[in-house]
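Colleague: Show me the folded form of this:
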Amino acid sequence: PVITMPARIAQSGQGPPPAQIVLPMASGALAYQCVRAFAAVGARPRLVVGQPSGCAPVAAAWAAGTDEVPPGRAVTRVGVLAMGDPPDGPDVLAAARVSGGAVLAVAEDDLDEIVTLVADHTGLAVDLASAVAVAAATLVDMREVFKRAGKDVALSPELLDAVAATHARGEQSIVLLNRR
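Modeller: This is a model prediction of the structure:
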């Protein structure tokens with residue numbers, strides 16, 4: 001039998017399922033099926049989906065507050081996400097709304113820098129589609145925080161706000177610091 005990733009997480013006994021999942025989107029099938037699989041094990045994580053700005057019809061519908069996903073031309077350098085008329089777009093919109101998540105258009109000019117940032121900080125080589133997901137998760141450049149607040153700051157105001165919002169919902173947060 002096929003065991004889904006959410007079922008493995010639930011069966012592992014290693015803790016609760018994630019409060020949020022962040023994925024890149026082409027057709028929408030991955031995002032929608034992840035939401036369905038988590039629901040099958042009783043979990044309802046927030047769904048955050050990123051689309052490259054050159055091909056972001058679902059993100060455009062999200063921003064417009066509509067359920068209609070108009071077909072468009074896929075003009076993106078992220079070829080694996082190039083789908084101008086994603087068949088699961090309306091389902092992804094609905095899942096993101098119900099979960100308190102979002103569907104975001106990610107600036108393609110930033111993707112190479114994100115690939116480098118991930119490699120520099122983790123040692124992992126990621127493709128442009130993975131960079132879309134990382135960008136949708138929101139990166140904070142601590143160099144800019146240090147310029148605003150000084151070098152004694154360990155956590156960005158953006159992170160502190162996100163932790164406060166998570167706690168306000170009665171959820172837990174885990175912050176991992178890599179001190180060099």
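
Colleague: Assign the most centrally placed residue in the chain to helix, strand or coil.
Modeller: Nearest residue to the geometric centre of the chain (Cα atoms, centre = their mean): Val22, 2.6 Å. Classification of Val22 using DSSP: H, G, I helix; E, B strand; the rest coil returns strand.

Colleague: Please apply the same query to Leu30.
Modeller: Under three-state DSSP, the three-state class of Leu30 is helix.

Colleague: any idea how far Ala119 is from it?
Modeller: 23 Å (Cβ to Cβ, to the nearest Å). (Each C-beta comes from the backbone N, C-alpha and C, glycine too.)

Colleague: Which of those two has more residues huddled nearby?
Modeller: More crowded of Leu30 and Ala119, by other Cβ atoms under 10 Å: Leu30, with 16 against 12.

Colleague: follow-up on the earlier one: can you give me the pLDDT of the residue nearest to the centre of the chain?
Modeller: Val22 carries a pLDDT value of 89.

Colleague: Would you quantify the distance from it to Ala149?
Modeller: Taking Cβ to Cβ, one finds Val22 at 26 Å from Ala149.

Colleague: Setting aside sequence neighbours, what's the nearest residue to Val69?
Modeller: Excluding the flanking residues, the one nearest Val69 by Cβ to Cβ, 6 or more residues apart in numbering is Gly89, at 3.7 Å.

Colleague: give me every residue that touches the one you found.
Modeller: Neighbouring residues of Gly89 by Cβ atoms under 8 Å, 6 or more residues apart in numbering: 28, 57-58, 61, 69.

Colleague: again, 10 Å this time
Modeller: In this structure, Gly89 makes contact with 25, 27-28, 31-32, 49, 51, 57-59, 61-62, 67-71, 83, 103, judged by Cβ atoms under 10 Å, 6 or more residues apart in numbering.

Colleague: Narrow those residues to those in strands?
Modeller: Per DSSP state E, strands hold the following members of the contacts of Gly89: 49, 51, 103.
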